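Visitor: give the three-dimensional model of this entry:
(2 chains)
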Amino acid sequence: MAMIIDEQVATNLYFDKNFNSQAVKLLPGEYYVTDKDILLVTVLGSCVAACIRDCYSGIGGMNHFMLPDGGGDVSNPLNASARYGTYAMEILINQLLKLGARRGNLEAKVFGGGNVLDGLTIANIGQRNADFVLKFLQTEKIRVVAQDLIDIFPRKVYFFPKNNKVLVKKLRNLHGTTISQREKDYRQRLDKVNSGGEVELFS
Amino acid sequence: MAKTILAVDDSASIRQMVTFTLKGAGYEVIEAVDGQDALDKANIHKVNLVLTDINMPRIDGLKLLELLRKLTHYKTVPILMLTTESSDEIKAKGRAAGATGWLVKPFDPKRLLEVIGKVIG
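Guide: This next block holds a predicted model:
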């Protein structure tokens, strides 16, 4: 049976004293959706995060992902990278719809794709992730209402889905060792597993 | 004559990938954006196979499956579910409603074509 690249629900819940709010911290490969007034936080290097919300109900969510190396052109719809990226985005959108969001009401804010990873085989990996997320949202006709992409710094993103506020802090003085290591580990996980899900015939 | 597949998904990106895969293998493809759209098109075009997502607005994939199985032409036509859902519980519901098979996303184009070849080849 093929191994599945499985996007995981973020489980790191804490109380953020600075914002006096319940918060969820997302790591690479995680997503979280909510209809509550809570804070979603993540730190991005070359990964991207899509903050998507229903602009009427305030149901919102965030993911944090990067594309695996599909060894080819991401604009080719059958490229393994594009298929995985589409999957990561679809998981987030499906969970929002299950919570009651309406597809036609969705709008997005996208962040990350910084050129901050050293020693990786793919040049401009952040650019590639950023290009993918913008193209995906355009195809899905989900309006991008804010973006802060590419550049050379890691970012810390604070998303308040209920009131549609996002704060982005560029981590100019951070060397980014932990961020880079986390993203490298995530990337290695992505590159090792098969990008196809399981198949079962009933008859 | 090329066999026709009805590909149902509310995601334009997924429809694009699936259609690209199926047309590349010589199938005719009709796209539908949700269960209601699929039902309308299934009534007009008597397709050879239905490939459907589950989580969709208006009519979801499981309801579509139930409704199609009530139509004379679709009692025996293979209906494959292509979905992010992988729990045993929801699979059991699909199986009970008459699904032919279950493919969990992200889909692998080669494996999708293998499965389709098996059921309508």
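Visitor: show the residue spans covered by the strands in chain B.
Guide: All strands of chain B, identified by DSSP state E, fall at B:4-8, B:28-32, B:49-52, B:79-83, B:101-104.
Visitor: just checking the helix or strand bottoming out on mean pLDDT in chain A against chain B, any contact.
Guide: Across the helices and strands of chain A, mean confidence by mean pLDDT, DSSP states H and E is lowest for helix A:177-192: a mean of 80. No - Helix A:177-192 lies out of reach of chain B by CB under 8 Å from any CB of the partner chain, never closer than 11.4 Å. Heads up, the C-betas are built off the backbone N, CA and C, glycines and all.
Visitor: helices and strands around the next helix or strand after that helix, which ones?
Guide: Counting by DSSP states H and E, the next helix or strand C-terminal to helix A:177-192 is strand A:199-201. Under the contact criterion of 3 or more CB pairs under 8 Å, 6 or more residues apart in numbering or on different chains; DSSP states H and E, strand A:199-201 touches strand B:101-104, helix B:109-120.
Visitor: which residues touch the last one?
Guide: Which is helix B:109-120. Here helix B:109-120 makes contact (CB atoms under 8 Å, 6 or more residues apart in numbering or on different chains) with A:2, A:78, A:196, A:199, A:201, B:3, B:5, B:17-18, B:21-22, B:25, B:27, B:48-49, B:51, B:78, B:80, B:82, B:100-101, B:103.
Visitor: on that earlier part again, most tightly packed of the helices and strands packed on strand A:199-201?
Guide: Stretch with highest mean neighbour count among the helices and strands packed on strand A:199-201: strand B:101-104 (a mean of 22; mean count of other CB atoms under 10 Å in any protein chain shown).
Visitor: just list what that strand packs against, helices and strands only.
Guide: Strand B:101-104 is packed against strand A:199-201, strand B:79-83, helix B:88-97, helix B:109-120, with contacts defined by 3+ CB pairs under 8 Å, 6+ apart.
Visitor: closest to B:His73 out of those?
Guide: Of all the helices and strands packed on strand B:101-104, strand B:79-83 sits nearest to B:His73, with 11.9 Å by CB to CB.
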